[in-house]
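> The following block contains a protein sequence and its predicted model.
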Amino acid sequence: MRTAVLSLLIFTFFYTPSMAQEKKLPPNSSAPILVKTKRNGKKPSSTRTKIAWLSTKTLNERSDKIKLSAIIETLEELNANQISILRNGKKIGTKADVVSLKAVAAARKQFTYENEIELLDGMNKIEIVVEQSDGSLKKSYAKILQKKADTIKEITPNDNEGKPGIYWVSPAWNSEAIVMENRQIILKARIHSPIAIQLSDIYVLRQALQKIPPSTDAQLIKESEGQYTFTTRLDLKEEGINELAIKVQTRVIGEIHSESLMLQFVPYRPNLHLLSIGTETNLDYTMKDAKDFAECFATQSKAKGGQLFNRVSSEVLTGKAASAQAIKTKIEQLEAQYKTGIIREKDLILFYISSHGFLDEKRQLRIQGDDYIPAAPRATSISYERDIVEVFESIPCKKIILIDACYSGGSKSNNEDIDYQLQILNQALKGFTTIVSSKGDELSYEDGKWENGAFTEVILEGLLKKRANQNEDQYITVNELWQYLQLRVPNLVAQVKQRAQHPTLKQNDLGEMPIYYIR
(Lines give C-alpha, C1' and ligand atoms only; values in the text may rest on other atoms or scores of the structure.)
Protein backbone atom coordinates (compact mmCIF):
# COMPACT_ATOMS: atom_id res chain seq x y z
CA MET A 1 0.00 0.00 0.00
CA ARG A 2 1.23 3.52 -0.76
CA THR A 3 0.31 7.18 -0.64
CA ALA A 4 1.34 9.35 -3.57
CA VAL A 5 1.81 12.81 -5.18
CA LEU A 6 1.07 13.56 -8.87
CA SER A 7 2.07 16.31 -10.37
CA LEU A 8 5.52 29.16 -63.70
CA LEU A 9 4.16 29.34 -65.67
CA ILE A 10 5.94 32.25 -66.85
CA PHE A 11 3.82 35.16 -65.83
CA THR A 12 3.61 35.92 -69.41
CA PHE A 13 6.72 38.11 -69.58
CA PHE A 14 7.70 39.22 -73.08
CA TYR A 15 11.44 39.52 -73.44
CA THR A 16 13.21 41.74 -75.95
CA PRO A 17 16.99 42.23 -76.36
CA SER A 18 16.69 45.86 -75.34
CA MET A 19 14.99 44.97 -72.10
CA ALA A 20 18.10 43.40 -70.57
CA GLN A 21 19.92 46.70 -71.04
CA GLU A 22 17.37 48.77 -69.18
CA LYS A 23 18.35 49.85 -65.69
CA LYS A 24 14.81 49.48 -64.39
CA LEU A 25 12.65 46.44 -64.80
CA PRO A 26 8.90 46.18 -64.45
CA PRO A 27 7.82 46.00 -60.78
CA ASN A 28 7.29 42.63 -59.17
CA SER A 29 4.00 40.91 -59.69
CA SER A 30 1.51 41.09 -56.86
CA ALA A 31 1.15 37.31 -56.64
CA PRO A 32 2.29 34.17 -58.42
CA ILE A 33 -0.35 33.11 -60.97
CA LEU A 34 -1.16 30.21 -63.25
CA VAL A 35 -1.74 30.84 -66.95
CA LYS A 36 -2.26 28.61 -69.96
CA THR A 37 0.87 27.52 -71.78
CA LYS A 38 1.11 28.00 -75.51
CA ARG A 39 3.19 24.83 -75.78
CA ASN A 40 0.40 22.34 -75.20
CA GLY A 41 -2.75 24.44 -75.03
CA LYS A 42 -3.94 22.84 -71.80
CA LYS A 43 -6.04 24.67 -69.24
CA PRO A 44 -4.45 26.14 -66.13
CA SER A 45 -3.77 23.54 -63.47
CA SER A 46 -5.89 23.38 -60.34
CA THR A 47 -2.85 22.05 -58.48
CA ARG A 48 -1.72 24.60 -55.92
CA THR A 49 2.05 24.68 -56.06
CA LYS A 50 3.56 27.31 -53.79
CA ILE A 51 7.09 28.69 -53.98
CA ALA A 52 8.68 30.83 -51.29
CA TRP A 53 12.21 32.20 -51.29
CA LEU A 54 14.50 31.26 -48.43
CA SER A 55 17.71 33.08 -49.25
CA THR A 56 20.17 34.34 -51.84
CA LYS A 57 23.86 34.41 -50.93
CA THR A 58 26.97 35.47 -52.83
CA LEU A 59 29.47 32.70 -53.57
CA ASN A 60 32.67 34.66 -54.07
CA GLU A 61 34.29 38.01 -53.40
CA ARG A 62 33.46 39.36 -56.87
CA SER A 63 29.76 38.71 -56.22
CA ASP A 64 29.05 37.53 -59.78
CA LYS A 65 27.42 34.30 -58.58
CA ILE A 66 24.73 33.67 -56.02
CA LYS A 67 23.37 30.60 -54.33
CA LEU A 68 19.58 30.67 -54.09
CA SER A 69 17.28 28.51 -52.01
CA ALA A 70 13.50 28.20 -51.78
CA ILE A 71 10.68 26.14 -50.33
CA ILE A 72 8.38 24.43 -52.82
CA GLU A 73 5.08 22.93 -51.69
CA THR A 74 3.04 20.85 -54.11
CA LEU A 75 0.33 18.22 -54.11
CA GLU A 76 2.18 16.08 -56.65
CA GLU A 77 5.56 14.45 -57.14
CA LEU A 78 8.44 16.76 -58.02
CA ASN A 79 11.93 16.30 -59.46
CA ALA A 80 14.71 18.79 -60.23
CA ASN A 81 14.11 18.56 -64.00
CA GLN A 82 10.73 20.25 -63.51
CA ILE A 83 12.35 23.36 -62.01
CA SER A 84 14.04 26.15 -63.96
CA ILE A 85 15.36 29.66 -63.32
CA LEU A 86 14.41 32.83 -65.22
CA ARG A 87 16.76 35.80 -65.31
CA ASN A 88 15.11 38.88 -66.76
CA GLY A 89 12.39 36.66 -68.20
CA LYS A 90 14.79 34.29 -69.97
CA LYS A 91 15.55 30.74 -68.91
CA ILE A 92 19.18 30.25 -67.96
CA GLY A 93 21.16 27.06 -67.78
CA THR A 94 22.63 25.76 -64.54
CA LYS A 95 25.10 23.03 -63.75
CA ALA A 96 23.52 19.78 -62.62
CA ASP A 97 26.01 19.35 -59.79
CA VAL A 98 24.87 22.51 -57.99
CA VAL A 99 21.14 21.72 -58.03
CA SER A 100 19.64 20.25 -54.88
CA LEU A 101 16.05 19.16 -54.21
CA LYS A 102 15.28 17.61 -50.83
CA ALA A 103 11.96 16.48 -49.40
CA VAL A 104 11.39 17.91 -45.92
CA ALA A 105 7.71 17.18 -45.25
CA ALA A 106 6.26 14.18 -47.03
CA ALA A 107 2.66 14.78 -45.92
CA ARG A 108 2.51 18.07 -47.79
CA LYS A 109 5.20 17.17 -50.37
CA GLN A 110 7.36 20.05 -49.19
CA PHE A 111 10.83 20.42 -50.70
CA THR A 112 13.85 22.67 -50.30
CA TYR A 113 15.43 23.71 -53.60
CA GLU A 114 18.95 25.09 -54.07
CA ASN A 115 20.80 26.30 -57.18
CA GLU A 116 23.63 28.59 -58.25
CA ILE A 117 23.36 31.27 -60.94
CA GLU A 118 25.44 34.11 -62.35
CA LEU A 119 24.20 37.71 -62.21
CA LEU A 120 24.48 40.30 -64.97
CA ASP A 121 25.62 43.86 -64.39
CA GLY A 122 22.64 46.06 -63.56
CA MET A 123 19.19 44.75 -62.71
CA ASN A 124 18.47 41.02 -62.46
CA LYS A 125 14.90 39.83 -62.18
CA ILE A 126 15.13 36.28 -60.82
CA GLU A 127 12.19 33.87 -60.79
CA ILE A 128 11.85 30.17 -60.02
CA VAL A 129 9.53 28.21 -62.33
CA VAL A 130 7.96 24.81 -61.66
CA GLU A 131 6.43 22.73 -64.46
CA GLN A 132 3.40 20.89 -63.11
CA SER A 133 2.09 17.51 -64.20
CA ASP A 134 -0.53 19.01 -66.55
CA GLY A 135 2.10 21.07 -68.37
CA SER A 136 1.21 24.39 -66.76
CA LEU A 137 3.89 26.42 -65.06
CA LYS A 138 3.98 28.10 -61.68
CA LYS A 139 6.33 30.95 -60.96
CA SER A 140 7.66 32.38 -57.74
CA TYR A 141 7.70 35.93 -56.59
CA ALA A 142 10.35 37.83 -58.57
CA LYS A 143 13.47 38.92 -56.74
CA ILE A 144 15.06 42.08 -58.16
CA LEU A 145 18.81 42.07 -57.54
CA GLN A 146 20.96 45.00 -58.63
CA LYS A 147 24.59 44.13 -59.34
CA LYS A 148 26.89 47.12 -59.37
CA ALA A 149 30.65 46.71 -59.29
CA ASP A 150 31.30 44.17 -56.53
CA THR A 151 28.06 44.72 -54.63
CA ILE A 152 24.58 43.22 -54.86
CA LYS A 153 21.51 45.02 -53.57
CA GLU A 154 17.97 43.70 -53.47
CA ILE A 155 15.38 46.23 -54.69
CA THR A 156 12.29 46.01 -52.48
CA PRO A 157 8.78 47.35 -53.05
CA ASN A 158 9.24 49.87 -50.25
CA ASP A 159 11.93 51.55 -52.36
CA ASN A 160 9.00 52.99 -54.36
CA GLU A 161 6.95 54.00 -51.32
CA GLY A 162 5.16 57.29 -51.83
CA LYS A 163 3.60 56.18 -55.09
CA PRO A 164 0.05 54.78 -55.07
CA GLY A 165 0.17 51.32 -53.58
CA ILE A 166 0.08 49.25 -50.38
CA TYR A 167 3.24 48.76 -48.36
CA TRP A 168 3.76 46.21 -45.58
CA VAL A 169 4.57 47.48 -42.10
CA SER A 170 4.04 44.37 -39.97
CA PRO A 171 5.21 41.81 -40.70
CA ALA A 172 7.86 43.85 -42.49
CA TRP A 173 7.97 42.90 -46.16
CA ASN A 174 10.66 40.43 -47.17
CA SER A 175 11.09 38.62 -50.45
CA GLU A 176 12.05 35.53 -48.45
CA ALA A 177 9.69 33.37 -46.41
CA ILE A 178 9.08 34.63 -42.88
CA VAL A 179 8.71 31.87 -40.29
CA MET A 180 5.72 32.28 -37.98
CA GLU A 181 5.09 30.17 -34.87
CA ASN A 182 1.74 31.69 -33.80
CA ARG A 183 -1.44 30.99 -35.72
CA GLN A 184 -3.04 34.39 -35.11
CA ILE A 185 -1.19 37.41 -36.49
CA ILE A 186 -1.74 41.15 -36.83
CA LEU A 187 -1.28 42.56 -40.34
CA LYS A 188 -0.45 46.25 -40.71
CA ALA A 189 0.14 48.20 -43.91
CA ARG A 190 0.36 51.74 -45.26
CA ILE A 191 -1.99 52.56 -48.12
CA HIS A 192 -1.27 55.39 -50.56
CA SER A 193 -4.40 56.14 -52.58
CA PRO A 194 -5.19 59.12 -54.84
CA ILE A 195 -8.87 58.81 -53.87
CA ALA A 196 -10.68 58.35 -50.57
CA ILE A 197 -11.13 54.73 -49.46
CA GLN A 198 -13.02 52.98 -46.68
CA LEU A 199 -12.62 49.75 -44.75
CA SER A 200 -15.17 47.88 -46.88
CA ASP A 201 -12.96 48.44 -49.97
CA ILE A 202 -10.13 46.35 -48.47
CA TYR A 203 -9.56 42.59 -48.32
CA VAL A 204 -6.71 40.16 -47.77
CA LEU A 205 -6.02 37.65 -50.55
CA ARG A 206 -4.72 34.32 -49.26
CA GLN A 207 -3.04 31.74 -51.53
CA ALA A 208 -3.98 33.96 -54.52
CA LEU A 209 -7.55 32.63 -54.28
CA GLN A 210 -9.36 33.28 -51.01
CA LYS A 211 -10.69 36.77 -50.30
CA ILE A 212 -10.80 37.55 -46.56
CA PRO A 213 -12.63 40.68 -45.37
CA PRO A 214 -11.15 42.79 -42.55
CA SER A 215 -11.55 41.36 -39.04
CA THR A 216 -14.22 42.77 -36.74
CA ASP A 217 -11.59 44.83 -34.89
CA ALA A 218 -9.83 46.03 -38.07
CA GLN A 219 -8.93 49.72 -38.34
CA LEU A 220 -8.39 52.13 -41.22
CA ILE A 221 -6.84 55.40 -40.00
CA LYS A 222 -6.42 58.38 -42.28
CA GLU A 223 -3.00 59.84 -41.51
CA SER A 224 -3.09 62.63 -44.11
CA GLU A 225 -4.59 63.29 -47.53
CA GLY A 226 -4.26 60.05 -49.50
CA GLN A 227 -2.29 58.32 -46.73
CA TYR A 228 -3.87 55.56 -44.60
CA THR A 229 -2.80 52.95 -42.05
CA PHE A 230 -4.67 49.63 -42.20
CA THR A 231 -4.61 47.02 -39.43
CA THR A 232 -6.41 43.67 -39.32
CA ARG A 233 -6.25 40.34 -37.50
CA LEU A 234 -5.84 37.05 -39.37
CA ASP A 235 -5.63 33.35 -38.52
CA LEU A 236 -3.16 31.26 -40.52
CA LYS A 237 -5.23 28.20 -41.46
CA GLU A 238 -2.57 26.17 -43.22
CA GLU A 239 0.75 24.86 -42.00
CA GLY A 240 3.52 25.60 -44.47
CA ILE A 241 3.47 28.51 -46.89
CA ASN A 242 0.75 31.16 -46.55
CA GLU A 243 0.83 33.64 -49.43
CA LEU A 244 -0.82 36.93 -48.44
CA ALA A 245 -1.56 40.17 -50.29
CA ILE A 246 -3.64 43.19 -49.27
CA LYS A 247 -5.89 44.70 -51.92
CA VAL A 248 -8.14 47.75 -52.25
CA GLN A 249 -10.92 47.56 -54.84
CA THR A 250 -12.27 50.89 -56.07
CA ARG A 251 -14.71 51.74 -58.86
CA VAL A 252 -12.81 54.83 -59.95
CA ILE A 253 -9.20 53.68 -60.35
CA GLY A 254 -9.60 49.92 -60.05
CA GLU A 255 -7.34 47.84 -57.81
CA ILE A 256 -4.49 48.90 -55.54
CA HIS A 257 -2.46 46.02 -54.14
CA SER A 258 0.52 45.13 -52.03
CA GLU A 259 3.33 42.80 -52.96
CA SER A 260 2.82 39.21 -51.86
CA LEU A 261 4.15 38.31 -48.44
CA MET A 262 5.16 34.68 -47.86
CA LEU A 263 4.69 33.41 -44.32
CA GLN A 264 5.92 29.92 -43.49
CA PHE A 265 3.59 28.83 -40.68
CA VAL A 266 5.34 26.35 -38.41
CA PRO A 267 3.14 26.08 -35.29
CA TYR A 268 5.25 26.06 -32.16
CA ARG A 269 5.04 22.78 -30.36
CA PRO A 270 6.76 22.48 -27.01
CA ASN A 271 8.93 19.52 -26.18
CA LEU A 272 8.01 17.04 -23.46
CA HIS A 273 10.79 16.03 -21.09
CA LEU A 274 9.68 12.97 -19.14
CA LEU A 275 11.51 11.40 -16.21
CA SER A 276 9.85 8.28 -14.81
CA ILE A 277 11.30 6.45 -11.81
CA GLY A 278 10.35 3.24 -10.02
CA THR A 279 12.40 1.85 -7.16
CA GLU A 280 12.29 -1.80 -6.21
CA THR A 281 10.34 -2.08 -2.94
CA ASN A 282 8.29 -4.59 -1.02
CA LEU A 283 5.46 -3.67 -3.39
CA ASP A 284 4.92 -5.59 -6.62
CA TYR A 285 4.27 -2.91 -9.23
CA THR A 286 6.36 0.21 -8.53
CA MET A 287 8.82 -0.50 -11.36
CA LYS A 288 6.06 -1.53 -13.76
CA ASP A 289 4.17 1.65 -12.89
CA ALA A 290 7.15 3.76 -13.96
CA LYS A 291 7.63 1.85 -17.22
CA ASP A 292 3.91 1.93 -18.10
CA PHE A 293 3.65 5.63 -17.33
CA ALA A 294 6.57 6.48 -19.67
CA GLU A 295 5.23 4.15 -22.39
CA CYS A 296 1.91 5.96 -22.27
CA PHE A 297 3.57 9.11 -23.69
CA ALA A 298 5.86 7.36 -26.19
CA THR A 299 3.61 8.18 -29.18
CA GLN A 300 2.97 11.82 -28.27
CA SER A 301 5.76 13.35 -30.41
CA LYS A 302 5.01 14.98 -33.77
CA ALA A 303 7.12 12.34 -35.54
CA LYS A 304 4.85 9.59 -34.19
CA GLY A 305 1.54 11.29 -34.93
CA GLY A 306 1.14 13.48 -31.85
CA GLN A 307 0.02 17.08 -32.17
CA LEU A 308 0.98 18.65 -28.83
CA PHE A 309 4.71 18.01 -28.57
CA ASN A 310 7.42 18.37 -31.18
CA ARG A 311 9.65 15.90 -29.39
CA VAL A 312 9.31 13.56 -26.41
CA SER A 313 12.52 12.93 -24.47
CA SER A 314 11.98 10.06 -22.07
CA GLU A 315 14.23 8.73 -19.30
CA VAL A 316 13.19 5.70 -17.24
CA LEU A 317 15.06 4.63 -14.11
CA THR A 318 13.99 1.43 -12.37
CA GLY A 319 15.49 -0.92 -9.83
CA LYS A 320 19.22 -0.56 -9.20
CA ALA A 321 19.45 2.18 -11.87
CA ALA A 322 17.22 4.30 -9.61
CA SER A 323 19.70 4.93 -6.80
CA ALA A 324 19.40 8.18 -4.86
CA GLN A 325 22.46 9.64 -6.58
CA ALA A 326 21.22 8.60 -10.04
CA ILE A 327 17.85 10.28 -9.41
CA LYS A 328 19.53 13.51 -8.22
CA THR A 329 21.82 13.46 -11.26
CA LYS A 330 18.92 13.09 -13.72
CA ILE A 331 17.02 15.95 -12.07
CA GLU A 332 20.10 18.22 -12.16
CA GLN A 333 20.61 17.32 -15.81
CA LEU A 334 17.18 18.80 -16.54
CA GLU A 335 18.39 22.08 -15.03
CA ALA A 336 21.56 21.92 -17.17
CA GLN A 337 19.44 21.27 -20.28
CA TYR A 338 17.53 24.49 -19.61
CA LYS A 339 20.76 26.48 -19.25
CA THR A 340 22.06 25.09 -22.55
CA GLY A 341 18.78 25.75 -24.41
CA ILE A 342 17.64 22.15 -24.77
CA ILE A 343 14.69 22.84 -22.47
CA ARG A 344 12.80 26.04 -23.31
CA GLU A 345 10.26 28.07 -21.37
CA LYS A 346 7.27 26.70 -23.29
CA ASP A 347 8.32 23.08 -22.70
CA LEU A 348 6.80 20.66 -20.21
CA ILE A 349 8.66 18.59 -17.64
CA LEU A 350 6.69 15.53 -16.53
CA PHE A 351 8.21 13.88 -13.46
CA TYR A 352 6.94 10.60 -12.02
CA ILE A 353 8.37 8.52 -9.19
CA SER A 354 7.03 5.44 -7.43
CA SER A 355 8.80 4.63 -4.17
CA HIS A 356 8.64 4.92 -0.37
CA GLY A 357 8.59 8.27 1.38
CA PHE A 358 9.37 9.38 4.93
CA LEU A 359 9.98 12.43 7.12
CA ASP A 360 13.53 12.92 8.40
CA GLU A 361 14.50 14.26 11.83
CA LYS A 362 13.94 17.83 10.56
CA ARG A 363 10.48 16.80 9.39
CA GLN A 364 11.47 17.19 5.73
CA LEU A 365 9.89 14.86 3.20
CA ARG A 366 12.37 12.48 1.61
CA ILE A 367 11.91 9.74 -1.00
CA GLN A 368 13.92 6.57 -0.92
CA GLY A 369 16.30 5.64 -3.70
CA ASP A 370 16.56 2.01 -4.72
CA ASP A 371 19.77 1.80 -2.65
CA TYR A 372 18.09 3.06 0.52
CA ILE A 373 19.44 1.81 3.84
CA PRO A 374 18.16 2.99 7.27
CA ALA A 375 21.74 3.48 8.51
CA ALA A 376 22.34 6.25 5.90
CA PRO A 377 18.88 7.71 5.23
CA ARG A 378 19.99 11.08 3.80
CA ALA A 379 22.68 9.63 1.52
CA THR A 380 20.31 7.04 0.06
CA SER A 381 17.21 9.21 -0.40
CA ILE A 382 16.30 12.48 -2.10
CA SER A 383 14.76 15.57 -0.54
CA TYR A 384 11.44 16.52 -2.07
CA GLU A 385 12.02 20.20 -1.25
CA ARG A 386 15.72 20.58 -2.06
CA ASP A 387 16.36 17.97 -4.77
CA ILE A 388 13.06 18.25 -6.65
CA VAL A 389 11.17 21.46 -5.93
CA GLU A 390 14.13 23.86 -5.70
CA VAL A 391 15.74 22.48 -8.86
CA PHE A 392 12.47 22.58 -10.81
CA GLU A 393 11.74 26.13 -9.64
CA SER A 394 14.99 27.22 -11.30
CA ILE A 395 13.64 25.93 -14.65
CA PRO A 396 11.01 28.47 -15.85
CA CYS A 397 8.89 26.03 -17.83
CA LYS A 398 5.75 24.06 -16.99
CA LYS A 399 6.09 21.16 -14.57
CA ILE A 400 3.88 18.27 -13.55
CA ILE A 401 5.22 16.25 -10.62
CA LEU A 402 3.81 12.84 -9.74
CA ILE A 403 5.16 11.03 -6.72
CA ASP A 404 3.52 7.74 -5.89
CA ALA A 405 5.11 6.96 -2.53
CA CYS A 406 4.30 4.44 0.16
CA TYR A 407 5.20 6.32 3.33
CA SER A 408 7.26 4.59 5.95
CA GLY A 409 6.20 4.67 9.57
CA GLY A 410 2.72 3.37 8.98
CA SER A 411 0.97 5.70 11.42
CA LYS A 412 -1.88 8.01 10.52
CA SER A 413 -0.09 11.03 12.00
CA ASN A 414 2.99 10.41 9.87
CA ASN A 415 0.89 10.43 6.69
CA GLU A 416 -0.88 13.60 7.80
CA ASP A 417 2.47 15.29 8.50
CA ILE A 418 3.68 14.39 5.01
CA ASP A 419 0.43 15.67 3.54
CA TYR A 420 0.88 18.96 5.41
CA GLN A 421 4.48 19.35 4.23
CA LEU A 422 3.37 18.87 0.63
CA GLN A 423 0.63 21.44 1.04
CA ILE A 424 3.06 24.07 2.41
CA LEU A 425 5.73 23.40 -0.21
CA ASN A 426 3.31 23.58 -3.13
CA GLN A 427 1.54 26.79 -2.11
CA ALA A 428 4.43 28.97 -3.32
CA LEU A 429 5.06 27.14 -6.58
CA LYS A 430 4.39 28.68 -9.99
CA GLY A 431 3.88 26.75 -13.19
CA PHE A 432 3.34 23.50 -11.28
CA THR A 433 0.58 20.95 -11.06
CA THR A 434 0.71 18.58 -8.11
CA ILE A 435 -1.81 15.83 -7.44
CA VAL A 436 -1.63 13.55 -4.42
CA SER A 437 -2.87 10.00 -4.90
CA SER A 438 -4.65 9.86 -1.55
CA LYS A 439 -5.54 11.94 1.49
CA GLY A 440 -3.10 12.18 4.37
CA ASP A 441 -5.01 9.68 6.49
CA GLU A 442 -5.41 7.14 3.67
CA LEU A 443 -3.25 4.54 1.98
CA SER A 444 -2.80 4.02 -1.74
CA TYR A 445 -3.44 0.56 -3.14
CA GLU A 446 -2.22 -1.77 -5.84
CA ASP A 447 -3.67 -5.08 -7.00
CA GLY A 448 -2.79 -8.00 -9.24
CA LYS A 449 -6.03 -7.45 -11.11
CA TRP A 450 -4.67 -4.12 -12.38
CA GLU A 451 -0.94 -5.01 -12.32
CA ASN A 452 -0.45 -1.39 -11.31
CA GLY A 453 -1.16 0.89 -8.42
CA ALA A 454 -4.74 2.18 -8.48
CA PHE A 455 -3.55 5.72 -9.06
CA THR A 456 -1.35 4.80 -12.07
CA GLU A 457 -4.01 2.40 -13.38
CA VAL A 458 -6.55 5.22 -13.56
CA ILE A 459 -4.05 7.56 -15.27
CA LEU A 460 -3.49 4.90 -17.95
CA GLU A 461 -7.24 4.35 -18.31
CA GLY A 462 -7.87 8.06 -18.64
CA LEU A 463 -5.23 8.62 -21.30
CA LEU A 464 -4.79 5.39 -23.26
CA LYS A 465 -8.46 4.41 -23.16
CA LYS A 466 -9.59 8.05 -23.66
CA ARG A 467 -11.90 7.92 -20.64
CA ALA A 468 -10.69 11.27 -19.28
CA ASN A 469 -11.74 13.02 -22.50
CA GLN A 470 -14.89 14.73 -21.25
CA ASN A 471 -15.71 17.01 -24.19
CA GLU A 472 -14.92 14.34 -26.81
CA ASP A 473 -12.36 16.42 -28.66
CA GLN A 474 -8.87 15.11 -29.46
CA TYR A 475 -7.12 16.50 -26.40
CA ILE A 476 -7.03 15.66 -22.70
CA THR A 477 -6.22 18.55 -20.39
CA VAL A 478 -4.79 18.54 -16.88
CA ASN A 479 -8.25 19.38 -15.52
CA GLU A 480 -9.90 16.54 -17.42
CA LEU A 481 -7.36 14.04 -16.12
CA TRP A 482 -7.74 15.31 -12.57
CA GLN A 483 -11.53 15.13 -12.67
CA TYR A 484 -11.35 11.55 -13.94
CA LEU A 485 -8.89 10.61 -11.17
CA GLN A 486 -11.09 12.27 -8.56
CA LEU A 487 -14.09 10.14 -9.53
CA ARG A 488 -12.57 6.89 -10.73
CA VAL A 489 -9.89 6.11 -8.11
CA PRO A 490 -12.30 6.00 -5.12
CA ASN A 491 -14.75 3.81 -7.05
CA LEU A 492 -12.06 1.43 -8.28
CA VAL A 493 -10.44 0.98 -4.86
CA ALA A 494 -13.79 0.57 -3.10
CA GLN A 495 -14.88 -2.04 -5.63
CA VAL A 496 -11.71 -4.16 -5.56
CA LYS A 497 -10.15 -3.48 -2.15
CA GLN A 498 -13.17 -2.34 -0.11
CA ARG A 499 -11.04 0.55 1.15
CA ALA A 500 -11.01 4.34 0.80
CA GLN A 501 -8.59 6.26 -1.42
CA HIS A 502 -9.21 9.83 -2.57
CA PRO A 503 -6.69 11.71 -4.77
CA THR A 504 -6.09 15.32 -3.73
CA LEU A 505 -5.17 18.30 -5.90
CA LYS A 506 -2.45 20.26 -4.10
CA GLN A 507 -1.50 22.73 -6.81
CA ASN A 508 -2.85 23.33 -10.33
CA ASP A 509 -1.39 26.18 -12.38
CA LEU A 510 -1.81 24.22 -15.62
CA GLY A 511 -5.49 23.27 -15.46
CA GLU A 512 -6.61 23.96 -19.02
CA MET A 513 -3.33 22.94 -20.62
CA PRO A 514 -3.69 19.90 -22.93
CA ILE A 515 -1.20 17.16 -22.14
CA TYR A 516 -2.37 14.24 -24.27
CA TYR A 517 -3.45 13.92 -27.92
CA ILE A 518 -5.99 11.29 -28.93
CA ARG A 519 -5.74 9.85 -32.45
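Okay, I see it.

> ok, which stretches of the stretch 201-350 of the chain are helices?
Applying DSSP state H, counting those that start in this stretch to the stretch 201-350 of the chain gives helices spanning 286-296, 324-339.

> Buried residues, stretch 292-303. List them.
For stretch 292-303, the neighbour count (16 or more other Cβ atoms under 10 Å) marks D292, F293, A294, C296, F297, Q300, S301, K302 as buried. From N, CA and C alone the C-beta is placed, and that goes for glycine too.

> Which of those sits closest to G135?
Nearest to G135 among the buried residues of stretch 292-303 is K302, at 36.0 Å by Cβ to Cβ.

> Now do the contacts for the closest residue to that closest one other than its chain neighbours.
Spatial nearest neighbour of K302, chain neighbours left out: N310 (5.1 Å); criterion: Cβ to Cβ, 6 or more residues apart in numbering. By Cβ atoms under 8 Å, 6 or more residues apart in numbering, the contact list for N310 reads R269, P270, N271, S301, K302.

> Format these as a markdown table; extra columns: pLDDT.
As requested, those are arranged in a markdown table below (pLDDT from 0 to 100):
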| residue | pLDDT |
| --- | --- |
| R269 | 86 |
| P270 | 91 |
| N271 | 94 |
| S301 | 92 |
| K302 | 86 |
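
> Relative to S355, which of these is nearest.
Checking the contacts of N310 against S355 by Cβ to Cβ gives N271 as the nearest, at 26.2 Å.

> Regarding the closest one, what are the backbone dihedral angles?
phi -100, psi 150 (degrees, to the nearest 10).

> before we move on, the earlier item: so which of the helices of the stretch 201-350 of the chain gets nearest T56?
The closest approach between T56 and any of the helices of the stretch 201-350 of the chain, judged by Cβ to Cβ, belongs to helix 324-339 at 35.9 Å.

> Can you mark which positions in the closest one are buried?
For helix 324-339, a neighbour-count test (16+ other Cβ under 10 Å) marks A324, A326, I327, K328, K330, I331, L334, E335, Q337, Y338 as buried.

> Can you give me the distance of the most centrally placed residue in the chain to V98?
In the chain, the residue lying closest to the centroid (Cα atoms, centre = their mean) is Y268, at 1.9 Å. The gap separating Y268 from V98 is 34 Å, by Cβ to Cβ, to the nearest Å.

> Same check on F293?
Plainly put, F293 is 51 Å away from V98 if you go by Cβ to Cβ.

> Could you pull out the buried residues of the helix or strand where V458 lies?
Under the criterion of DSSP states H and E, V458 resides in helix 454-464. By neighbour count on 16+ other Cβ under 10 Å, the buried set for helix 454-464 is A454, F455, T456, E457, V458, I459, L460, E461, G462, L463.

> how far away is the fifth one from L78?
What that stands for is V458. For V458, the distance to L78 - Cβ to Cβ - is 49 Å.

> next one: the fourth one
E457 sits at a distance of 49 Å from L78 (criterion: Cβ to Cβ).

> can you check K304 too?
Going from K304 to L78 by Cβ to Cβ gives 26 Å.

> So for those two, which sits in the more crowded spot?
Legend: neighbour count by other Cβ atoms under 10 Å for K304 and L78, higher for L78 (22 against 10).

> now the stretch 301-450 of the chain, which segments are flagged as low pLDDT?
By pLDDT under 70, the low-scoring segments of the stretch 301-450 of the chain are 406-430, 440.

> now do 90
Applying pLDDT under 90 to the stretch 301-450 of the chain flags residues 302-303, 305-307, 310, 346, 353-366, 384-385, 389, 401-446.

> Show me the strands in it, by range?
Listed in chain order, the strands of the stretch 301-450 of the chain (DSSP state E, counting those that start in this stretch) span 312-318, 348-359, 365-368, 381-383, 398-407, 432-436, 446-447.

> Turn those strands into CSV, columns for distance to S84 and mean neighbour count.
Conversion of the strands of the stretch 301-450 of the chain to CSV gives the following (distance: least, Cβ to Cβ, whole Å; neighbours: other Cβ atoms under 10 Å):
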stretch, distance to S84, mean neighbour count
strand 312-318, 42, 19
strand 348-359, 46, 24
strand 365-368, 65, 26
strand 381-383, 63, 22
strand 398-407, 48, 26
strand 432-436, 55, 26
strand 446-447, 67, 20
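
> could I get the ones you listed as CSV with distance to K153?
Below are the strands of the stretch 301-450 of the chain laid out as CSV (distance: least, Cβ to Cβ, whole Å):
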stretch, distance to K153
strand 312-318, 45
strand 348-359, 45
strand 365-368, 64
strand 381-383, 61
strand 398-407, 46
strand 432-436, 53
strand 446-447, 71
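
> quick one: buried residues of stretch 165-172?
Going by neighbour count (16+ other Cβ under 10 Å), the buried part of stretch 165-172 is G165, I166, Y167, W168.

> What distance do you get for the first one to A142?
Between G165 and A142 the distance is 16 Å, computed by Cβ to Cβ.

> Make JSON lines from the helices of the stretch 201-350 of the chain and add distance to L348 to it.
As requested, these are exported to JSON lines (distance: least, Cβ to Cβ, whole Å):
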{"stretch": "helix 286-296", "distance to L348": "14"}
{"stretch": "helix 324-339", "distance to L348": "12"}
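
> so which of these gets nearest T318?
Per Cβ to Cβ, nearest to T318 of the helices of the stretch 201-350 of the chain: helix 286-296, 4.2 Å.

> quick one, helices of the stretch 401-519 of the chain?
Counting by DSSP H, counting those that start in this stretch, the helices of the stretch 401-519 of the chain are 412-427, 454-464, 478-497.

> what helices or strands is the second one leaning on?
Which is helix 454-464. Using 3 or more Cβ pairs under 8 Å, 6 or more residues apart in numbering; DSSP states H and E, the elements in contact with helix 454-464 are strand 3-6, helix 286-296, helix 478-497.

> quick revisit: for the helices of the stretch 201-350 of the chain, which one sits closest to H257?
helix 324-339 (46.0 Å).

> quick one: that closest one to chain centroid distance?
A distance of 25 Å separates the centroid of the chain from that of helix 324-339, by Cα atoms, centre = their mean, to the nearest Å.

> Other residues contacting stretch 368-380?
With contacts defined as Cβ under 8 Å, 6+ apart, stretch 368-380 is touched by 279-281, 319-327, 355-358, 360, 366, 381-382, 408.

> Next, give phi and psi for N81.
N81 adopts backbone torsions of phi -70, psi -20, taken as degrees, to the nearest 10.

> Now do it against V130, distance only.
For N81, the distance to V130 (Cβ to Cβ) stands at 11 Å.

> Tell me which of the two has more neighbours.
Using other Cβ under 10 Å as the criterion, N81 and V130 rank with V130 on top: 25 against 10.

> Report the contact partners of the more buried one.
Applying Cβ under 8 Å, 6+ apart, the residues contacting V130 are L8, T49, I51, I72, T74, L78, Q82, I83, L137, K138, K139.

> Strands - which of these land there?
I51, I72, I83, L137, K138, K139 (DSSP state E).

> Skip the chain neighbours and tell me the closest residue to the second one.
Think I72. F111 is the one closest to I72 (Cβ to Cβ, 6+ apart), at 4.7 Å.

> That's all I had, so thanks and see you.
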